[in-house]
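Asks: Provide a 3D model corresponding to the input given below.
(one chain, ligands or ions: 1)
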Amino acid sequence: MFDSVKGKTVIVTGGSKGIGKGIARTFANHGANVAIVARNLAAAEACAVELNRGNGKVYALCGDVTDRGSMEAVAKQVNETFGSIDVLCANAGIFPSVTLEQMTTEDWDTVMNTNAKGTLHAVQACIPYLKQATYGRIVITSSITGPVTGYAGWSHYAASKAAQLGFMRTAALELAGDNITVNAVLPGNVLTEGLEGLGDDYLQEMASAIPMQKLGSVEDIGYAALFLASKEAGFITGQTIIVDGGQILPEN
Ligand code: NAP
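Replies: Sure thing, here's the model as predicted:
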């Protein structure tokens, strides 16, 4: 099934670390050409060197999803480099924590600008190229936080992740006639580099809240994205896949 992404061009925003890196690695290992986009070019380049040990070609670009012009330049450059854009994984996101009572307008805007508006910019920049592709796929990284659950300190983040899903459903409708699907993956707690420094006790406590008793891996999210980007998922649009080891299932 996953052979269908071989030779396809995939953009992964926020592909230099964490879940985005896992998505990029999964696509590269299945023969896709992957452009990873992040603000820190040196980190993205180091990531590309590591991922180039897979079967695909990985290419690092500097881009900021909060900047419309930056995303347009990224899409143009990727199209010039690889000759197409077939898949966009709109994954870049931030999650600073601040309680509702202390939250400033700037705190709110910073998170919404990256997570919600950044998704808009990435999608809009890629639409002209996705329309030209034999099939177009957009996979958005949302979260269980917001669409399904709440988490103290993250009301702005939760709002941004729910906003992505409202956006996704209407984008899916608008782009269906162009054979472009738009879907979202909703990760639960995933073990990224950022969490590794928190120590075994903390990670064990997080894992114990998950029925499968473990955190997700970044490749768990990568495989869900890979499925939604496959040829075989071509009739699925406007939908979500929760990847959380059963975290949202318990009633108490
Ligand atoms: P991460 O490890 O902090 O990585 C974030 C990535 O996004 C980095 O590559 C970062 O690179 C990039 N980025 C941040 N702001 C950007 C901007 N303005 N423009 C372009 N790139 C930007 O984060 P993560 O934990 O992997 O999270 C990735 C996505 O998964 C987010 O959308 C998050 O909401 C979602 N998610 C994560 C979890 C989890 O457990 N980790 C759970 C649910 C959902 P630069 O800093 O160099 O730009």
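Asks: For the stretch 151-252 of the chain, which segments count as strands?
Replies: Along the stretch 151-252 of the chain, the segments classed as strands by DSSP state E, counting those that start in this stretch run 180-187, 240-243.
Asks: Kindly compare burial across the ones you listed and name the winner.
Replies: Across those, the average number of neighbours (mean count of other CB atoms under 10 Å) peaks for strand 180-187, which reaches a mean of 25. To be clear about C-beta, it is placed using only N, CA and C from the backbone, and glycine gets the same treatment.
Asks: Walk me through which strands that strand pairs with, and which way each runs.
Replies: Applying DSSP bridges to the sheet, strand 180-187 is found paired with strand 136-141 (parallel), strand 240-243 (parallel).
Asks: same question for the last one, mean pLDDT?
Replies: Looking back up the chat, that one is strand 240-243. Throughout strand 240-243, pLDDT has a mean value of 98.
Asks: was I right about residue 130 contacting residue 181?
Replies: No: here residue 130 lies out of contact with residue 181, judged by CB atoms under 8 Å, at a distance of 9.8 Å.
Asks: Please tell me how far the residue most central in space within the chain sits from residue 212.
Replies: The structure's the chain has its C-alpha centroid closest to residue 91; by CA atoms, centre = their mean the separation is 2.2 Å. Note on residue 91: its distance to residue 212, by CB to CB, to the nearest Å, is 23 Å.
Asks: same deal with residue 242?
Replies: 13 Å.
Asks: for residue 250, same thing?
Replies: Residue 250 is 12 Å from residue 212, by CB to CB.
Asks: who's more crowded, those two?
Replies: Counted by other CB atoms under 10 Å, residue 250 and residue 212 do not tie: residue 212 has more neighbours, with 12 against 9.
Asks: which non-adjacent residue is nearest the more buried one?
Replies: Spatial nearest neighbour of residue 212, chain neighbours left out: residue 245 (3.6 Å); criterion: CB to CB, 6 or more residues apart in numbering.
Asks: Verify the stated contact: that neighbour with residue 191.
Replies: No: contact between residue 245 and residue 191 fails when scored by CB under 8 Å: they sit 11.2 Å apart.
Asks: Now the common contact residues for the two.
Replies: Shared between the contact lists of residue 245 and residue 191 (criterion: CB atoms under 8 Å, 6 or more residues apart in numbering) are residues 215, 216.
Asks: how about the residues of the protein near the ligand?
Replies: 13-14, 16-20, 37-40, 43, 63-66, 91-95, 114, 118, 141, 143, 187, 189-190, 192, 194 (CB under 6 Å from any ligand atom).
Asks: Give me the buried entries from the residues you listed.
Replies: 13-14, 16-20, 37-39, 63-66, 91-93, 95, 114, 118, 141, 143, 187, 189-190, 192 (16 or more other CB atoms under 10 Å).
Asks: Please list the members of those that lie in strands.
Replies: 13, 37, 38, 141, 187 (DSSP state E).
Asks: Could I get the CA-only coordinates of the lowest-mean-pLDDT helix or strand in the chain as CSV?
Replies: Every helix and strand in the chain was compared by mean pLDDT, DSSP states H and E; the lowest is helix 193-196, with a mean of 84. Only the C-alpha atoms of helix 193-196 are listed here, as CSV (Å, rounded to 0.1, in the frame of the first residue of the first chain):
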residue,chain,number,x,y,z
GLU,A,193,13.2,14.9,21.8
GLY,A,194,11.6,17.7,23.8
LEU,A,195,10.1,15.2,26.3
GLU,A,196,13.2,13.0,26.6
